[in-house]
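Prediction below, plus the sequence it came from.
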Amino acid sequence: MKGIKRSLIGLAVAAMFGTGAAQAQISDGVVKIGVLSDMSSLYTDIAGKGSFVAAQMAVEDFGAAAKGLKVEVVSADHQNKPDVGSTVARQWYDVDKVDAIFDVPTSSVALAVNQITKDKGKAFIVSGAASSDLTGKACSPNTVHWTYDTWMLANGTGGALVKTGGDTWFFLTADYAFGLALERDTEAVVLKNNGKVLGKVRHPLNTSDFSSFLLQAQASKAKVIGLANAGGDTTNAIKQAAEFGIVKGGQSLAGLLVFLSDVHALGLPTAQGLVVTNTFYWDMDDQKRAWAKRFAARNDGKYPTMVHAGVYAGALHYLKAVEALKSDDGTKVVAKMKEMPTDDPLFGKGTIRPDGRKIHPAYLVEVKKPSESKGPYDYYKVRATIPADQAFRPMADGECPLVKK
Amino acid sequence: MTEIFGVPTQALFGQLLIGLINGAFYAMLSLGLAVIFGLLNIINFTHGAQYMLGAFCAYFLLQLTGVGYWWSLVLAPIIVGAIGIVIERTMLVRLYKLDHLYGLLLTFGLALVLQGLFTNYYGSSGMPYRIPEELNGGFNLGFMFLPKYRAWVIGSSIVICLGTWFVIERTKLGSYLRAATENPSLVQAFGINVPRMITLTYGFGVALAAFAGVMAAPIYQVNPQMGANLIIVVFAVVVIGGMGSILGAIITGFGLGVIEGLTKVFYPEASNTVIFVIMVIVLLIKPAGLFGKER
Amino acid sequence: MATTAAPPAAAAAAGEVIGAAGDTRTFAIATLAMALAFAVAPHVGVYPVFLMKALCFALFACAFNLLIGFGGLLSFGHAMFLGVAGYASAYSAKNWGFPPELAILFATAVAALLGLVSGALAIRRQGIYFAMITLALAQMVYFFCLQAPAITGGEDGIQSVPRGRLFGVLDLSSTLALYYVVLVIFLTAFVLIYRIIYSPFGNVLKAIRENEPRAISLGYDAERYKLLAFVLSATLSGLAGATKAIVFQLASLTDVHWSMSGEVVLMTLLGGMGTIFGPVVGAFVIIGLENYLSGFGQWVTVITGAIFVVCVLAFRRGVVGEIGAWWARRKGRLGGRS
């Protein structure tokens, strides 16, 4: 009784002091987080509802209530359309008093939200989108790019494969900005490491049949077939590659952008042997495993992809910065996030660079054979770790106007 | 490399064969559409969603009841065809007296509903479905490695297409059907149950779509968006072939598959557009389509 | 199968009762009321950006309705006008530094040109074939936009389009100022459409819709009238697209995708094909729904599809059409005066 009474008083006092001071600078007394994701089309499984769950978990684990901060989480679907995304972002910032937006897969939407966030002085923590322009030409003092980007993917998979003998490449590229950027970045890495690119073929976005392109890839006899595409294109290409016996014939497939959910959709017999770079895998240590199990319980049994992990870690760090600053002013909070080193159970210790790029190690993984897997989502074996300082593009190369030369 | 005009002949044959196989899919799908439009004057925009239902049906049969691929090939079309019959009896039948455009809008709406529901529950990455053991592996033809499954696709597709064409154009049942579309009241006066024939025909067209879906499941990911991506192309095929012509749909399906295949070799970025360019050209020169009759 | 009156005729008959067959007074009152409501709305708490989006789509739907409701031609490719104008407006504002009024004018002209070219190709055919040609042309435009990232930005679209100063004076980065500009554009175009419909040109168009051979026998060049209607519809759709690009400061592939063509058909159908105010109502309902449901993302498609189905089966005259029919029945029952 006494203990409870004391802690209640303590809580009340803390609340008075805490919220009193905090409320003075937290807009409307509430820190409102908006998770803007793709809930209905291509990236539903990669991000989607799971991102919302991840953000909620971050808020709970942060212990907002105990620290006297009121935090709310809302979510919306941008359907992969830049105009839907920008409408939601505007409405959230103007009307619904949202202070920070998280996730946003699909680079075109992320770029739009990036601009709006800058115009309104809020905060934007990207987890789902890939464009390295977010920390390059389009960098902003209000944006943090977590999880991954095209440069990291190209360097991770490309570099590692070339160094381990995959020195001749053939590219299967989705013919749009993202695919072309991925192909360009990977080709640069391959050439830099004395590899050769034997050929490329560009396929239209949302192609269901890759047989013709795979035939060309087979004929080239390149050691590695790089898939510079994402989502359904990648899974279709991988499935059909298995049909044509490409991997059995001795060539390896490099999925330049593949998530855990894609592997789950393909199934191990089809996806085995695929080499991928991710910045988070749940089965690497106890902390990650514990978190993943909690996540899966709230996400219909689906395990987290690196995008989900990025939303969680980003939200945690954001809240820490808000708490330290006692304010949710977007520009100031992002500056504080860059000032504070990061530490969370999912990405470990890391930093955020002045251009907004979050730095953490990347992992080169290979998809297990069915016999090696002990259960659902037990899909990867880690082949190599790329240290944080080498995983991402050097700041000077990014052409970010915020970075002084 | 792949972008040079002088592609080695061996590679070219391989691409032509692939094009033919893709054409087989287009032919099967457009066959269902052509049957429905040709005989019933209904523009069935739901065709893509019904194709998707066929693939999902095969997936469910496997997951929930352990029924494998071969039985699914028979059961899925029957199940989805039955669903089609329900749609026809409850909704389409009210639109026969109106402009066909209403049928288009209704089936468009239905397609959205089906696709949306499935995306809700099954996400968008798709569900795995394996190629049946008997059809695994392939033949080394010298100029390319032909997976057995693809050979099966082209073979069964030709059989189904020719079979359907034969039934409609050369049998008594087919002739009743064709007569019923020209002059339903007269045919009904002869004692033939015209509404039932219409219902069964719609069901048959839908079953064809589902059959194509089951065939697609092992090679394309079983995912709720699979129909949406294909439906516009299949429409183009049907329009080019002639909207009422069964033979037109079959030949155009295969033909366009080959043309698309060649485009993929010489100018792959345009492989999605070439069909529409052809469609515009055909519509301008011969609006009823290559094999169609103007109505 | 037997076909009876083309879809819009029934709706038109109902809708003609309201805004009644050229009854300018009723129309003027209704339009004034509408204009007033819109003018006041942002001050009573309705979010202006939502209103602007709805107004742009309402204009798009009205332009589309001109073609199908009064011309009897179902185009399944109208998105190409909306989208291409959006790109033209965005590109000229961003890369050539056009002020907003010039960007919008330029883009509208581009849409008119596109309308002329595609109309010339499509008009020669009828009914379903016409719809299919427009679809094919729109698909080609879509792929062009996808494949020309230098002009259209491909998947990213054209971002960060400046809003600029209208006539060098009015700073459009103020949401409220921009809102009133958009409202003026919408009302002007809306009244223009009304004048087109209830003009001699409009009457001939309706005659062609009802019975083309008879109109031709009376000496009217049906093809030319249909083409003109098509170009007008395309131009006004372009106006909607150009304005939208300035409002949202972005132009993207969504606006040239075939699902956008489907959406405008739905708005017009729901609101009432062949009525004057129908498309406006339809656009507001659909945009409102999308807005409201964006939290439940997955259900938007399902509900949109369900609305289509319900409208086609039971609600063909659309909201305004049904109201018009009810009003007509009521008048009839009261042995009404006209």
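Nice, thanks for sending it over.

got the residues of the stretch 1-150 of chain C near chain A?
C:47, C:49, C:50, C:53, C:143, C:146, C:147, C:149 (C-beta under 8 Å from any C-beta of the partner chain). No exception for glycine: its C-beta is placed from N, CA and C like everyone else's.

Need the max-distance pair from these.
C:47 and C:147 (36.0 Å; C-beta to C-beta).

for chain C, which helix is longest?
Identified as the longest helix of chain C according to DSSP state H is helix C:222-248.

And the next helix or strand past that helix?
Elements were assigned by DSSP states H and E; along the chain past helix C:222-248, the next helix or strand is helix C:258-271.

That next one and chain A, are they touching?
No: applying C-beta under 8 Å from any C-beta, one finds helix C:258-271 separated from chain A by no less than 9.9 Å.

Buried residues, the helix or strand just after that helix. List them.
Going down the chain from helix C:258-271, the next helix or strand is helix C:278-293, by DSSP H and E. Buried residues in helix C:278-293, defined by neighbour count with 16 or more other C-beta atoms under 10 Å in any protein chain shown: C:278-287, C:289-291, C:293.

pLDDT (mean, whole number) over helix C:278-293?
For helix C:278-293, the mean pLDDT works out to 89.

How about the residues of the stretch 201-350 of chain A by chain B?
Near chain B, the residues belonging to the stretch 201-350 of chain A are A:201-204, A:206-209, A:211-213, A:215-216, A:218-220, A:231-232, A:235-236, A:239-240, A:243-245, A:249, A:261-262, A:264-267, A:269-270 when assessed by C-beta under 8 Å from any C-beta.

Identify the residues contacting residue C:107.
By C-beta atoms under 8 Å, 6 or more residues apart in numbering or on different chains, the contact list for residue C:107 reads C:84, C:85, C:86, C:87, C:88, C:89, C:92, C:238, C:239, C:241, C:242, C:245.

Generate CSV for those residues, with neighbour count, distance to chain B and pLDDT as supplementary columns.
What follows is the contacts of residue C:107, written out as CSV (neighbours: other C-beta atoms under 10 Å in any protein chain shown; distance: C-beta to the nearest C-beta, whole Å; pLDDT from 0 to 100):
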residue, neighbour count, distance to chain B, pLDDT
C:84, 30, 16, 96
C:85, 34, 21, 96
C:86, 34, 21, 95
C:87, 26, 18, 96
C:88, 29, 21, 95
C:89, 32, 25, 95
C:92, 23, 26, 93
C:238, 31, 21, 96
C:239, 29, 26, 96
C:241, 34, 21, 96
C:242, 33, 25, 95
C:245, 34, 24, 94
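
Burial check on residue C:334, number of neighbours?
8 (other C-beta atoms under 10 Å in any protein chain shown).

ok, so of the residues of the stretch 1-150 of chain C next to chain A, who is nearest chain B?
residue C:143 (4.2 Å; C-beta to the nearest C-beta).

so that closest one makes contact with residue B:275?
No: counting by C-beta atoms under 8 Å, residue C:143 does not reach residue B:275; the two are 10.4 Å apart.

quick check, the top helix by length along chain B touching chain C?
Ordering each helix of chain B by length in residues (DSSP H) puts helix B:9-40 first. Yes: using C-beta under 8 Å from any C-beta, helix B:9-40 comes into contact with chain C via residue B:40.
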